[in-house]
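Engineer: predicted model follows, preceded by the sequence.
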Amino acid sequence: MTQVESDVARVQAPRVSRFRFADRLRGEGTVARRRWRKNYVIRLVGFDVLAALLGGVVGFFVRFGPTQPGALPEVGAPGWTVLVLPAAWVAVMSLNRAYEQRFLWIGAEEFRRVASAAICLLAGVGTVSWAFRLDLARGFVVVAIPLATLVTLVTRYAHRAWLHRQRAHGRFMQTTIVVGHRNGVAALHQQIDSEPYQGYDVIGFCVPGGAEGGWFDGVPVLGDLDQVAEVVRRHEVDTVAVLPSPELDGAKLRRLGWELEKTRAELLLAPAVTEVVGPRVNIRPVCGLPLMHVERPEMRGIRRLTKAAVDKCAAALVIVLLLPVLAATAAAVKATSSGPVFYRQQRVGQDGRVFTMLKFRSMVVDAEARLAALQPVNEGNGVLFKMKGDPRVTRVGRVLRRYSLDELPQLLNVLTGQMSLVGPRPPLPREVERYGFDMHRRFLVKPGITGLWQISGRSDLSWDDSVRIDVRYVENWSLMFDFMILWKTVGAVFRGSGAY
């Protein structure tokens, strides 16, 4: 398809989409759409109170409970601590801003603030008991507060999972307009639509030379770059996402921010370096101007040594714990098809070094020889060969791939230092030959058994998405990032999306 044909296809939106957008533009206002947020926070406070009360009751009975079955707790036990703990817990959570909406819904910041509140409460209890010589039982404190923290984290995760399921059905969304040039807004629109759990519903664009009534990328054009504030007021928009463009320089962006302060809309600015986030980005004054500093990615030193130590210790522990599973899987592979149990394949690792990656064999022995005949029906992303219902996969192999059991032998690659638990997908040498400049960035770190590709769709990813998430991981990796990916990998494995 030529560029002209592509532009025509984007302008000609399906009629059903136009009615859908028209309905949303005539929908309820910002206040009504955001009413659920207050109720959500109120529920969080209520569950936090119950979590602290549960922790207090359990801690009380653990420390002061009866020594004989059927007996009552000892007289004089400080029962007031059970009643004070919920109030103290909610107060400390508020001080740590764990109820602010900007830290809820998505991201790890909400859970980090809960953990920070628990540490502050433990430190506060210790300081107050020492300063006022209060006889607080340590057995009560070390049970009640950690238990309250654990229950709070679980309930908040459950609330978030519920909200994400609701958003997948179009509920609790916030209307969004994207501002910028056409190529940029189309790319951001595609990214937003691919992750509905984030809660952004793109209802229109503001593009250079745009006039209300036109269409682009299946979305109505509501105005040009000078009409953003007017569009927000007219449609009571919740969020304005602004992409970098020469027409919106510093002065115009500042004035746009002032205009949006008169509305209820939130302003989101997309930096030019979109894949660099977190601690690498800092705003610091330089010559009287607040400039964004992008630090170098932390790929050396103690953090890297710590990652390697965690990888090897965790891999050794998992191998020991899963020995029965490994033995049963090996027996199943050997009993159901002829050939070796393990499949060895050359992959490209850190710094472009080639290594032998191990997997449980999930295909017939001559799978590579049959590959050329199957290329015409390749369902992959243009570089990777993927095919649903691949005839080369054995019956046991389909089960192994469905639950990623075929990847378990790669724990041995982790022990030898060739791979990591978390990292980019290890590519084949023939894939590397087709890489562009950006993709070579992935070789700065070790490939992983799991990674962002595993929790983002695996074989269902387009090539551009694969590049983007690999670069994002390399630019922003940290131990906490790895732990988050490992946690989400469990759900991705059980869902089995993109596993074939």
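Structural biologist: Cool, got the structure.

Engineer: for residue 493, see how far away residue 324 is.
Structural biologist: 18 Å (C-beta to C-beta, to the nearest Å). All C-beta spots, glycine's among them, are computed from the backbone N, C-alpha and C.

Engineer: who has more neighbours, these two?
Structural biologist: Counted by other C-beta atoms under 10 Å, residue 324 and residue 493 do not tie: residue 493 has more neighbours, with 18 against 8.

Engineer: residue 52 and residue 326, how far apart?
Structural biologist: For residue 52, the distance to residue 326 equals 43 Å [C-beta to C-beta].

Engineer: who has more neighbours, those two?
Structural biologist: Per other C-beta under 10 Å, whichever of residue 52 and residue 326 has more neighbours is residue 52, with 28 against 17.

Engineer: and residue 178, helix, strand or coil?
Structural biologist: For residue 178, the secondary-structure state derived from DSSP: H, G, I helix; E, B strand; the rest coil is strand.

Engineer: tell me the secondary structure for the residue nearest the centre of the chain?
Structural biologist: Closest to where the C-alpha atoms of the chain average out (C-alpha atoms, centre = their mean) is residue 107, at 6.5 Å. Classification of residue 107 using three-state DSSP returns coil.

Engineer: gap between it and residue 197?
Structural biologist: Taken as C-beta to C-beta, the span from residue 107 to residue 197 is 12 Å.

Engineer: one more: residue 242?
Structural biologist: 22 Å.

Engineer: the more surrounded of those two?
Structural biologist: Neighbours around residue 242 and residue 197, counted as other C-beta under 10 Å, are more numerous at residue 242. The numbers are 20 against 15.

Engineer: you'd agree the more buried one is up against residue 180?
Structural biologist: Yes - here residue 242 lies in contact with residue 180, judged by C-beta atoms under 8 Å, at a distance of 6.6 Å.

Engineer: which residues do these two both contact?
Structural biologist: When contacts are counted by C-beta atoms under 8 Å, 6 or more residues apart in numbering, residue 242 and residue 180 are jointly contacted by 248, 270.

Engineer: sketch out the strands for this structure, chain order is fine.
Structural biologist: Ranges of strands in the chain, per DSSP state E, are 174-179, 200-206, 214-216, 219-223, 239-242, 266-269, 281-286, 289-294, 342-348, 354-360, 420-422, 448-450.

Engineer: export the ones you listed to JSON lines and tack on mean pLDDT and distance to residue 142?
Structural biologist: Below are the strands of the chain laid out as JSON lines (pLDDT from 0 to 100; distance: least, C-beta to C-beta, whole Å):
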{"stretch": "strand 174-179", "mean pLDDT": "90", "distance to residue 142": "42"}
{"stretch": "strand 200-206", "mean pLDDT": "90", "distance to residue 142": "42"}
{"stretch": "strand 214-216", "mean pLDDT": "81", "distance to residue 142": "59"}
{"stretch": "strand 219-223", "mean pLDDT": "88", "distance to residue 142": "55"}
{"stretch": "strand 239-242", "mean pLDDT": "90", "distance to residue 142": "44"}
{"stretch": "strand 266-269", "mean pLDDT": "88", "distance to residue 142": "41"}
{"stretch": "strand 281-286", "mean pLDDT": "66", "distance to residue 142": "37"}
{"stretch": "strand 289-294", "mean pLDDT": "66", "distance to residue 142": "41"}
{"stretch": "strand 342-348", "mean pLDDT": "90", "distance to residue 142": "47"}
{"stretch": "strand 354-360", "mean pLDDT": "93", "distance to residue 142": "43"}
{"stretch": "strand 420-422", "mean pLDDT": "92", "distance to residue 142": "31"}
{"stretch": "strand 448-450", "mean pLDDT": "90", "distance to residue 142": "34"}
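
Engineer: quick one: closest of these to residue 400.
Structural biologist: strand 354-360 (5.7 Å; C-beta to C-beta).

Engineer: which helices and strands does the closest one pack with?
Structural biologist: Where contact means 3 or more C-beta pairs under 8 Å, 6 or more residues apart in numbering; DSSP states H and E, strand 354-360 is packed against helix 323-336, strand 342-348, helix 410-415.

Engineer: quick one, that strand and helix 323-336 angle?
Structural biologist: Interaxial angle, strand 354-360 versus helix 323-336 (axes from the mean of the first three to the mean of the last three C-alpha atoms, to 10 degrees): 80 degrees.

Engineer: roughly how far is strand 354-360 from the heart of the chain?
Structural biologist: 28 Å (C-alpha atoms, centre = their mean, to the nearest Å).

Engineer: strands paired with that strand, and their directions?
Structural biologist: strand 342-348 (antiparallel) (DSSP bridges).

Engineer: could you export the strand it pairs with as CSV, keeping only the C-alpha atoms?
Structural biologist: Output of strand 342-348 as CSV, limited to C-alpha atoms (Å, rounded to 0.1, in the frame of the first residue of the first chain):
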residue,chain,number,x,y,z
PHE,A,342,16.5,-31.5,24.8
TYR,A,343,16.5,-29.2,21.8
ARG,A,344,19.8,-27.2,21.4
GLN,A,345,19.7,-24.1,19.3
GLN,A,346,22.3,-21.3,18.6
ARG,A,347,21.1,-17.9,19.9
VAL,A,348,22.7,-14.5,20.1
